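Asker: Need coordinates for the below:
(one chain, ligands or ions: 2)
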Amino acid sequence: MTAIDHGFAQDRPSGMLDWLASFRRGMPRTEAPTPGPRTTAAEPLLLDTPVPPGFRSVHQTEEAHEAPRPLSMGAMATPLKPISLRRDSIYNAFSTAMPVTDRHGLAGRNSELEKLVEAIVVQRKHAVIFGTRGSGKTSLARVFGDLADEAGCVALYGSASGDADFDSLFRPFLAELPMSAAGKEKARKLMDEPLDVTRLAALLVEDVRQRSILILDEYDRVRSDDAKSEVATLLKLLTDIHSPVQVVLVGIAGDVDGLIAAHPSLRRHIAPQRVAPISKPELERLLLSCAENARLQLDPDALDALAGAAMGSPYHARLFGMQAALVTEAGGRDRMTLADVEQGLASALDDWAEMSGATHALFRRILWEANASRRMIALAGVAASQMSVISYDRLVRLGQEVLGGGSINEQQAADAMRRLQPALTTMPGGDLFMFEDTLAPQFLLLMAKQPAPAVPPAPTPAEEMRAMLRGVDGL
Ligand SMILES: Nc1ncnc2c1ncn2[C@@H]1O[C@H](COP(=O)(O)OP(=O)(O)OP(=O)(O)O)[C@@H](O)[C@H]1O
Ligand SMILES: [Mg+2]
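Answerer: Residues are numbered from 1 along each chain as shown. Ligands and ions are numbered 1, 2, ... in the order given. As a prediction, this is how the structure comes out:
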């Protein structure tokens, strides 16, 4: 698959990762037994070669630096802790920074891949790949792109920015599309003119000579309603005129409507692909493989605790696994224990609290204040990790199924929703909500499992400022 540099991804972390990942297209693919995807001419790697996350054993490549090797700190007045290459291999093996690009490293997504191939390659539908942050959307889209390449299509991958308009979304693909000579000439002329839906649709239908799939990642970032409605129109036009080009939109959303305002007549031609939680056995397989690459063993109860805390998210599984592995390494051991996992989960929570101070402070406060609704707040976290979206009705129903009890659930569900409100964002339609930070539910559950503190949590900076303002204009 060819990664397209949209040239505007540098301003945010995940866009940056995709931008970095785009340099991988020139890397040799020694592990895949099947023919590799058609790519553009190999480019020089501008960065240190990143180790792709995956199931491949990295033993061979790391043989040269088997033992931890302290770096020279002689020049420093007080020697720092030596930089251990063992830690380095833990970071690489459990990395949360790189999407999976190798199908052998993609855990638990066979049925999603089969459905995407059937819908896009065979039935020629467009597709929308959606899910929470870190659920593995980019990984799924990229591995699908490689499969599509092997099936004889040309898959092109790009990612969107918040201020993108229709032109900047699609123009970067033009140079890579397999077009006739006349098409290339038309595309060259379009370089000096704005790209609109009709012209692009005509070009794609008349001049593209090979089945092509345009994968547009981070589509949730696009703010312009005009751009989104033009994209919907393009999809409709391409369908109506049997274009050889299909579009795959990828982004954070609870459902298709969260990404694209699709007209009912377009809906039939779009395959929705939710990136759902991964089953616990598959997460365990992923963790075992990461541990093997870091040359660690896992106690069965440690593995169970890690996969359980991740609640279906490959991102959290890797993050928690990495933190626990660092604890094992710091203890000079090769086998991860349950105690290492507990300590690792606590460090992961501390790191998240640093980054997401406001949400952490809210969770801490509402868990302290909630009393009877505490279990319902925790259940909201579990529900969000499994279904992405939550609502009062869902919580009531789940409360009855999971916690038992009668009308008390209704009050608790209403209370839990009210308390969580500042951390939630409303979905189109108004009744369903997602956590604004879609990585938060796993941390909410970790917090709910901690014993309630005896004293109230310290006030947040906002609460402290509100206290300072007391007395001003009736505050
Ligand atoms: N099926 C999987 N098997 C193994 N690892 C996975 C899988 N899916 C995702 N990961 C890992 O989880 C992390 C997040 O994956 P990815 O970047 O694909 O998620 P995403 O949904 O695109 O995230 P974002 O919402 O930030 O764009 C990466 O480290 C990736 O390697
Ligand atoms: Mg992504």
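
Asker: Could you measure from Thr337 over to ligand 1?
Answerer: 24 Å (CB to the nearest ligand atom, to the nearest Å). Bear in mind the C-beta positions are built from the backbone N, C-alpha and C, glycine included.

Asker: Just the buried positions in whichever strand or helix holds Asp88, please.
Answerer: In this structure, Asp88 sits in helix 85-93 according to DSSP states H and E. By neighbour count on 16 or more other CB atoms under 10 Å, the buried set for helix 85-93 is 85-90, 92-93.

Asker: what's the burial count for the residue of the stretch 51-200 of the chain at minimum distance from ligand 1?
Answerer: Closest residue of the stretch 51-200 of the chain to ligand 1, CB to the nearest ligand atom: Gly136 (2.5 Å). Residues lying near Gly136 (other CB atoms under 10 Å) number 25.

Asker: Test my guess that it contacts Glu282.
Answerer: No: using CB atoms under 8 Å, Gly136 is not in contact with Glu282, being 11.1 Å away.

Asker: send the alpha carbons of the helix holding Asp88 over as CSV?
Answerer: C-alpha atoms of helix 85-93 as CSV (Å, rounded to 0.1, in the frame of the first residue of the first chain):
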residue,chain,number,x,y,z
LEU,A,85,19.1,-1.9,26.3
ARG,A,86,16.7,-4.4,27.9
ARG,A,87,14.4,-1.5,28.6
ASP,A,88,14.8,-0.4,25.1
SER,A,89,13.6,-3.8,23.8
ILE,A,90,10.6,-3.6,26.2
TYR,A,91,9.7,-0.2,24.7
ASN,A,92,10.0,-1.6,21.2
ALA,A,93,8.1,-4.9,21.9
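
Asker: and it, what's its mean pLDDT?
Answerer: Per-region confidence: helix 85-93 scores 90 on mean pLDDT.

Asker: Residues contacting the very next helix or strand once past that helix, please?
Answerer: The helix or strand immediately downstream of helix 85-93 is helix 110-116, counting by DSSP H and E. Contact with helix 110-116 is made by 103, 106, 127, 129, 140, 143-144, 147, 248, 271, 273, 275-276, as judged by CB atoms under 8 Å, 6 or more residues apart in numbering.

Asker: ditto for stretch 224-237
Answerer: 126, 163-166, 169-170, 196-198, 200-201, 222, 243, 247, 249, 260-263, 265-266, 269-270.

Asker: and the residues you listed, which of them are in helices?
Answerer: 166, 169-170, 197-198, 200-201, 265-266 (DSSP state H).

Asker: ok, and the most crowded of those?
Answerer: Among the ones in helices among the contacts of stretch 224-237, Leu169 has the most neighbours (other CB under 10 Å), with 28 neighbours.

Asker: pretty sure that one is in contact with Leu214, am I right?
Answerer: No: if you go by CB under 8 Å, Leu169 and Leu214 don't touch, sitting 9.3 Å apart.

Asker: I'd like the average pLDDT over the longest strand anywhere in the chain.
Answerer: If you go by DSSP state E, the chain has its longest strand at strand 245-252. In this model, strand 245-252 has an average pLDDT of 95.

Asker: elements contacting it?
Answerer: Applying 3 or more CB pairs under 8 Å, 6 or more residues apart in numbering; DSSP states H and E, one finds that strand 245-252 makes contact with strand 126-131, helix 137-150, strand 212-217, helix 225-240.

Asker: The most centrally placed residue in the chain: what's it in contact with?
Answerer: What sits nearest the mean C-alpha location of the chain, by CA atoms, centre = their mean, is Gly134, with 2.4 Å. In this structure, Gly134 makes contact with 96, 313-316, 438-439, judged by CB under 8 Å, 6+ apart.

Asker: Could you do Ile270 as well?
Answerer: Here Ile270 is in contact with 125-128, 235, 256, 260, 262 (CB under 8 Å, 6+ apart).

Asker: Among these, which one is most surrounded by other residues?
Answerer: Neighbour counts for the contacts of Ile270 peak at His126, which has 27 neighbours (criterion: other CB under 10 Å).

Asker: My guess is that one contacts Val250. True?
Answerer: No: applying CB under 8 Å as the test, His126 and Val250 come out as separate, 11.8 Å apart.

Asker: ok, Pro194 - how many residues close by?
Answerer: The burial count for Pro194: 10, using other CB under 10 Å.

Asker: count of neighbours near the residue nearest to it when sequence neighbours are not counted?
Answerer: Among residues not flanking Pro194 along the chain, Asp167 sits closest, at 5.6 Å (CB to CB, 6 or more residues apart in numbering). As a burial measure, Asp167 scores 16 neighbours (other CB under 10 Å).

Asker: Wait, Asp167 touches Val197, no?
Answerer: No: Asp167 lies out of contact with Val197 (CB under 8 Å); the separation is 10.3 Å.

Asker: just to revisit the earlier point, also near ligand 1: which of the contacts of helix 110-116, exactly?
Answerer: Near ligand 1, judged by CB under 6 Å from any ligand atom, the entries from these are Leu106.

Asker: Tell me the buried residues in stretch 147-156?
Answerer: Under the neighbour-count rule (16+ other CB under 10 Å), stretch 147-156 has 147-150, 153-156 buried.

Asker: Okay, now the unreliable bits of this structure?
Answerer: Along the chain, the model assigns pLDDT under 70 to residues 5-83, 262, 453-454.

Asker: That concludes my questions; thank you for your assistance.
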